[in-house]
Structure formats: structure tokens, C-alpha cells
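Enquirer: model this:
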Amino acid sequence: MTDIDKALAYTLVNEGGYSDNPADHGGKTRYGITQATLSRWLQRPASVNEIKTLSKETARAIYQGYYWHPLGCDQLKSQAIATCLFDIGVVRGISVPPKYAQLVCNQHGFNLVVDGQLGPKSMNALDSIDPTKFIIDYAAMVKKGFESIVARNLSQKVFLKGWTNRANRLLTLVAN
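Expert: Coordinates of the predicted model:
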């Protein structure tokens, strides 16, 4: 059984505390939660102070409701694979990890439709694939995805080193 708290501890190392980088399309964030996401969670506009003082407990609840469960991480057998999907879902949005996962599974002999929906066939593939092979190929795909963002929008180059480090850090999950 996978554990959101293990995945969250991993992701919070990447996300850090409060940030307000003008080049970041997410705007003001804390623990990787944007002001817009907090507003959606609160069902009203969140103030700058509310994002600055966001608790880890509220961030966890948001991540569980908006990322962990929608990505199906709670249904996966491999903690490492669940953490990969969750972490990249946080930085790229929840539509990206399922597509990457399906593409990686297909590289290893599965025949999945790459539709971004982790249905029963995709979930079975993720539970069947060797986690080490998955993580190595997933990390490479994540890195290429970040490079593609920068190629399309040079203003995002300021984030490339951090994004590359984040993609490479996924490889540390191989041992887990």
C-alpha cells in the first residue's frame, strides 16, 4: 500500500516554502500550492497572507484531494512509482504524469492507449512493470518535458536547472 506522507515528504524537499517568483506562471506558492489552488480549495479567493501562512496539514489535504487520489497513487502497489507520479503531478499538473506513465509502460512491452487516463489497464501495467526500469525511463521523459517547456518559452529557462535536478532526483527512488 502506498503512503501519501512518504510521497509528500519527498515532494516538499523539491517545493520548499513560500515563493513569489515573477517568472513562475504559478504565481505565489507555499509548499508548491499556488494561490489559485488554495482559492479553489477554500471556494473563495485566497489572500496573499493565507498562502504565506498555509499549514502543511492544509497542503497535505489539498495534495491528497487534488493530486494523490486523482492520479490513482493510493491504488498503486509501488511507493516509488506513486511518488514519481505525485511529484511530477505537483510541478506539471495531473494531466502529464499519466501520459508519461503510459508512454514508459509502452516502451516496456505494454500496449496502452496514451490518453492520460489511468484506467484499469494502465494501473495493471504500473503494478506489473519493474519499478527500477520505470523510474529510469520516467525520469528521462520528465527531463525532456522540462526541456521542451523551455524550448517553447525561453522565459522559463530560469527554472531549467532546478527542474533538471528534480527529474534527476527521481532516480533516488530506485532504491526505495
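Enquirer: same for the lowest-mean-pLDDT helix or strand in the chain, what does it pack against?
Expert: Across the helices and strands of the chain, mean pLDDT, DSSP states H and E gives its lowest value to strand 18-19, namely a mean of 86. Strand 18-19 is packed against strand 29-30, with contacts defined by 3 or more CB pairs under 8 Å, 6 or more residues apart in numbering; DSSP states H and E. All C-beta spots, glycine's among them, are computed from the backbone N, C-alpha and C.
Enquirer: what about the strand it packs on, average pLDDT?
Expert: Regarding strand 29-30, the rounded mean pLDDT is 92.
Enquirer: From the contact counts, what lies against the next helix or strand after it?
Expert: Next along the chain after strand 29-30, taking DSSP states H and E as the criterion, comes strand 33-34. Applying 3+ CB pairs under 8 Å, 6+ apart, we find strand 33-34 packed against helix 56-63.
Enquirer: Could you give me the buried positions within the helix it packs on?
Expert: Thr58, Ala59, Arg60, Ile62, Tyr63 (16 or more other CB atoms under 10 Å).
Enquirer: Kindly report the same for stretch 77-93.
Expert: By neighbour count on 16+ other CB under 10 Å, the buried set for stretch 77-93 is 78-92.
Enquirer: before we move on, what about stretch 121-141?
Expert: Neighbour-count burial for stretch 121-141 flags Ser122, Ala125, Leu126, Ile129, Pro131, Phe134, Ile135, Asp137, Tyr138, Ala139, Ala140, Met141 (criterion: 16+ other CB under 10 Å).
Enquirer: I'd like the residues you listed as TSV, with pLDDT and secondary structure appended.
Expert: Shown next, in TSV, are the buried residues of stretch 121-141 (pLDDT from 0 to 100; DSSP: H, G, I helix; E, B strand; the rest coil):
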residue	pLDDT	secondary structure
Ser122	97	helix
Ala125	97	helix
Leu126	97	helix
Ile129	97	coil
Pro131	96	helix
Phe134	97	helix
Ile135	97	helix
Asp137	97	helix
Tyr138	97	helix
Ala139	97	helix
Ala140	97	helix
Met141	97	helix
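Enquirer: Please identify which of these is nearest to Ile4.
Expert: Nearest to Ile4 among the buried residues of stretch 121-141: Leu126, at 16.7 Å, using CB to CB.
Enquirer: Please tell me I have it right and the closest one contacts Gln102.
Expert: No - assessed by CB atoms under 8 Å, Leu126 is found out of contact with Gln102, at 9.1 Å.
Enquirer: Overlap of the contact sets of these two?
Expert: Common neighbours of Leu126 and Gln102 (criterion: CB atoms under 8 Å, 6 or more residues apart in numbering): Leu118.
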